[in-house]
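Q: model this:
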Amino acid sequence: MTIESNQRRKALQLFSASSLFAVMGKDATAATCKINKESTAGPYPNVSLLNRKDLRANTSGNTALKPGALLTLRIRLVDVANGCAPIKNAVVDIWSADAKGVYSGYAAFGTQGQDFCRGYLKTDANGVVEFDTLFPGSYSGRAIHIHVAIQGSAARVSPNASGASLASVFVCQLYFNRTTVNQVFSSNPIYQQGAPITPNESDSIYLNEGGAGYLVNVTQSGSNYIGDVEIGATRAAVGNPKDDTPPVATPIANGEIVNIALATNASKLFAITLPTAKSSLSFKLSGGTGDGDLYAKLNSAPTISDYTKKSDGQTNAEVITFTNPVAGTYYLLVNAYATVSGAKLTASTT
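A: Numbers count the residues shown, from 1 in each chain. Model prediction:
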């Protein structure tokens, strides 16, 4: 059953119904998105760098699952500067209080050495991470929330740091509709051991730091809960995580001869994979008319400004040689500085 009913519209202020379907695994190209406002990391940032999906227990000492309602939290990260495209390989780090409103790892709570409700995952090809955690409990002065820090690689965040002032780190806090909170707290008596619930509208961070844009859409599955939320940012704001999707390239085999014809400024990408190290690898362009140039790089596609080796003379007589190349995929970009016709490209290894 859906917990939030008509109030769900509040969760749609920064993303449309189509983007919610994208969170559920539908076609992401239909989504519309807006950049979210950043928030503060708060006084209890994630000091433990834990790569894990299930956050409900400590990793040492008493490792039994802590009591409380299971929340499967799915966060989808999209690039507002690139048509809501998913941002892959970003590190999404979350931390929150347990069912009683207690954070791990802090003397104020008597939880030194503990690390429950903390951990990070990398976004997948759809820009999604999925955690199993506890629905957070209540502590005095704050609405029910979960902290999030997003970066290009795993790193600690300073206490009380503002995401707006942290280069390459996107910091925010997720919130929940009061109907959802009431349902969880009434169904699980342990939550009543924490502080009285602070409404979202009474939380200054929620009010002043874009909290309405971070309402998690929650549904119930038996005694458990599933939450979905989309976060709009830019790749630069989250540290430009590496996109390791292999580039689309035409395979070229050892000794193969490929005919090359390209209009001015047009280009074509080729690739050859060496399963083991070799004595040499050479690419040769020759014959025909025009001015073709070669750019090569190991394990990622070169451009005319980003390459490991190049050959860019004034004709089609171009050669690139790697001496003692290691195993891997070597990409070659053939670019026509002037229209190329009748040229031949070969790759050879020894």
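Q: what does stretch 95-103 contact?
A: 44-46, 66-69, 104, 109, 111, 116-118, 133-140, 145-147, 188, 190-191, 193-195 (C-beta atoms under 8 Å, 6 or more residues apart in numbering). All C-beta atoms are positioned from the backbone trio N, CA, C, and that covers glycine.
Q: domain ranges for this protein, per the record?
A: 5-233, 250-349 (automatic domain parsing).
Q: thinking again about what came up before, narrow the contacts of stretch 95-103 to those in strands?
A: 118, 133, 134, 145, 146, 147 (DSSP state E).
Q: separation between the nearest residue to the third one once chain neighbours are set aside and residue 200?
A: Computed as C-beta to C-beta, 6 or more residues apart in numbering, the closest residue to residue 134 that is not its neighbour in sequence is residue 68, at 4.0 Å. Residue 68 sits 20 Å away from residue 200, going by C-beta to C-beta, to the nearest Å.
Q: residue 267 too?
A: 52 Å.
Q: more neighbours: which of the two?
A: residue 200 (22 against 15; other C-beta atoms under 10 Å).
Q: please tabulate the domains of the chain in CSV, including the columns mean pLDDT.
A: Listed next are the domains of the chain as CSV, based on pLDDT from 0 to 100:
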stretch, mean pLDDT
domain 5-233, 88
domain 250-349, 95
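Q: so which of those gets nearest residue 242?
A: domain 5-233 (5.5 Å; C-beta to C-beta).
Q: give the buried residues for the strand or helix carrying residue 337.
A: Here residue 337 sits within strand 328-349, counting by DSSP states H and E. Of the residues in strand 328-349, those buried under the neighbour-count criterion (16 or more other C-beta atoms under 10 Å) are 329-338, 340-341, 343, 345-347, 349.
Q: which elements pack onto it?
A: Counting contacts by 3 or more C-beta pairs under 8 Å, 6 or more residues apart in numbering; DSSP states H and E, strand 328-349 is packed against strand 257-262, strand 267-274, strand 280-286, strand 289-298.
Q: out of those, the one nearest residue 324 is which?
A: Nearest of the helices and strands packed on strand 328-349 (C-beta to C-beta): strand 280-286, 7.3 Å.
Q: ok, the residue nearest the centre of the chain - contacts?
A: Closest to where the C-alpha atoms of the chain average out (C-alpha atoms, centre = their mean) is residue 90, at 2.9 Å. By C-beta under 8 Å, 6+ apart, residue 90 lies in contact with 77, 122, 123, 127, 150, 151, 152, 238, 239, 241.
Q: who wins for neighbours among those?
A: residue 150 (28 neighbours).
Q: coming back round to it: pairing partners for the strand holding residue 337, with directions?
A: Strand 328-349 has its sheet partners listed here by DSSP bridges as strand 257-262 (antiparallel), strand 267-274 (antiparallel), strand 280-286 (antiparallel), strand 289-298 (antiparallel).
Q: as a markdown table, these with distance to residue 208 would be great.
A: A markdown table is the format used below for those (distance: least, C-beta to C-beta, whole Å):
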| stretch | distance to residue 208 |
| --- | --- |
| strand 257-262 | 55 |
| strand 267-274 | 48 |
| strand 280-286 | 57 |
| strand 289-298 | 46 |
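Q: coming back round to it: what's the farthest-apart pair in the ones in strands among the contacts of stretch 95-103?
A: Checking those with C-beta to C-beta, the most distant pair is 118 and 145, at 14.5 Å.
Q: doesn't residue 242 make contact with residue 152?
A: Yes - using C-beta atoms under 8 Å, residue 152 is in contact with residue 242, at 7.4 Å.
Q: can you list residues touching both of these two?
A: residue 89.
Q: and the end-to-end length of stretch 152-161?
A: End-to-end distance for stretch 152-161, by C-alpha to C-alpha, to the nearest Å: 17 Å.
Q: just stretch 55-68 next, same as before
A: Stretch 55-68: ends 12 Å apart by C-alpha to C-alpha.
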